[in-house]
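Visitor: fold the following, please.
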Amino acid sequence: MRKVTETLTKSFPNSLPKQGYGQSSSCRGVWVFVFVFHFCFSSFHKKTLRTMAFFEDPTLLFITLLLSVVTYVIIFRTSARSRRASHRLAIHKHQKEGAFVGAVSRLNIYPIKSCSAVPVDTAELSATGLRFDRRFVLARRNQEEGGRLQMISQRELPKMALILPAVMVNEAGELTGLTVRFLDPDVEIDDLVFDLQALTGAREEIVIWPTKDPAENGRNALVLPQEVGAWFRQALQTDFDLFLGFMDESCTRLVNAGLSKATPAEQRCPNSFADVAQYLLLSEESIDDLCDRLPKGVNRIRLNRFRPNIVVSGVAAPWAEDTWKEIEIVPRNGENEEKPTRQNPVLHSIKMCARCVMPSTNQVSRWC
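Guide: Numbering: from 1, shown residues only. Below is the predicted model of the structure:
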């Protein structure tokens, strides 16, 4: 178990003011003021101060009531937004530099991009992500782009969620191959096992996302022999050929230039075959909050639909991780925990993850 700390200014109080949405006294005061003001105006317009003048005119009465209701709704919504902002400000107001904000509760790697997660107890941090994470990618030929290899994912093939890879390593801890199992009970297919050292393949560029910057593609990726891709085609039952690309030391890919500017050194960061960034972090509290908002009768959404690498628990408020800028991973050995010193690994937040259709796919059954 490792604790997470935000080393700059991102710790949160144990208790925060509740997020209210009810009517405040100031809101009620404004509502009464508008009503009385219009009452007096209508009476003056009648050139009389008789109270009955207001009620004798149904049109004025209707207009006054309508104006009051509209004003009430506007003030009510503004008050609710203000309370939400105050809730977020309260979090920032109580920040303490270098305080613990949660603990790492789960770690996941995805050896093949867009395929099943592999939970791990420990993981090695690297410049391109957790070790062995998204080192392989499935691709198809894009004839509109001259036959270039283009990444393919669960967005097009939801059944990829049922492809479970397991990495094979040697005594030095180096990746030597994969064992791949297809978990669809309706498809009978043997496990795929291959040794990278025994395979040869061509070197090609693999496009992850269409871009004008070739550095954002997987350049010089090793494309494994066609018999490997044929196994995936048979499992996924596609009408087009599939190819499995591997990122070894000869393959390079960089993070989007605009996002790299968010790092202190303002340098271009290396990346794996991940969509945008090397790591994806999510808190259990955020998922719990999302599930609490679901209509009655709707099953809870499992966290694995969002495909995080690092899952954090014990944060003081849902979505707190959205505001973190730097996160220091601090070891914890039993009851003895180190202090945040910035000498431990520090992750820099460069972007909140934009969501696509993939969280709609059940990562166990492949359907919603």
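Visitor: can you give me the strands for the stretch 101-250 of the chain?
Guide: Remark: strands assigned in the stretch 101-250 of the chain by DSSP state E, counting those that start in this stretch are 118-120, 125-126, 129-130, 136-142, 148-151, 163-169, 175-182, 192-195, 202-207, 218-223, 243-246.
Visitor: adding mean neighbour count, mean pLDDT and distance to residue 286, write these out as JSON lines.
Guide: C-beta coordinates here come from the backbone N, C-alpha and C atoms, glycine included. Output for those, formatted as JSON lines (neighbours: other C-beta atoms under 10 Å; pLDDT from 0 to 100; distance: least, C-beta to C-beta, whole Å):
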{"stretch": "strand 118-120", "mean neighbour count": "15", "mean pLDDT": "96", "distance to residue 286": "19"}
{"stretch": "strand 125-126", "mean neighbour count": "15", "mean pLDDT": "92", "distance to residue 286": "22"}
{"stretch": "strand 129-130", "mean neighbour count": "22", "mean pLDDT": "96", "distance to residue 286": "20"}
{"stretch": "strand 136-142", "mean neighbour count": "21", "mean pLDDT": "97", "distance to residue 286": "28"}
{"stretch": "strand 148-151", "mean neighbour count": "20", "mean pLDDT": "96", "distance to residue 286": "27"}
{"stretch": "strand 163-169", "mean neighbour count": "17", "mean pLDDT": "96", "distance to residue 286": "26"}
{"stretch": "strand 175-182", "mean neighbour count": "18", "mean pLDDT": "96", "distance to residue 286": "31"}
{"stretch": "strand 192-195", "mean neighbour count": "16", "mean pLDDT": "96", "distance to residue 286": "35"}
{"stretch": "strand 202-207", "mean neighbour count": "17", "mean pLDDT": "96", "distance to residue 286": "32"}
{"stretch": "strand 218-223", "mean neighbour count": "21", "mean pLDDT": "96", "distance to residue 286": "31"}
{"stretch": "strand 243-246", "mean neighbour count": "25", "mean pLDDT": "98", "distance to residue 286": "32"}
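Visitor: possible to save these as a markdown table with distance to residue 356?
Guide: Below are those laid out as a markdown table (distance: least, C-beta to C-beta, whole Å):
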| stretch | distance to residue 356 |
| --- | --- |
| strand 118-120 | 22 |
| strand 125-126 | 26 |
| strand 129-130 | 19 |
| strand 136-142 | 16 |
| strand 148-151 | 13 |
| strand 163-169 | 19 |
| strand 175-182 | 23 |
| strand 192-195 | 27 |
| strand 202-207 | 17 |
| strand 218-223 | 20 |
| strand 243-246 | 21 |
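Visitor: list just the one of those that sits closest to residue 329.
Guide: Residue 329 lies closest to strand 125-126 among those, at 7.2 Å (C-beta to C-beta).
Visitor: which residues does the closest one contact?
Guide: 131, 278, 329, 345 (C-beta atoms under 8 Å, 6 or more residues apart in numbering).
Visitor: looking at these, which are in strands?
Guide: Under the assignment DSSP state E, the contacts of strand 125-126 contribute residue 329 to strands.
Visitor: out of the contacts of strand 125-126, which end up buried?
Guide: 131, 278, 329 (16 or more other C-beta atoms under 10 Å).
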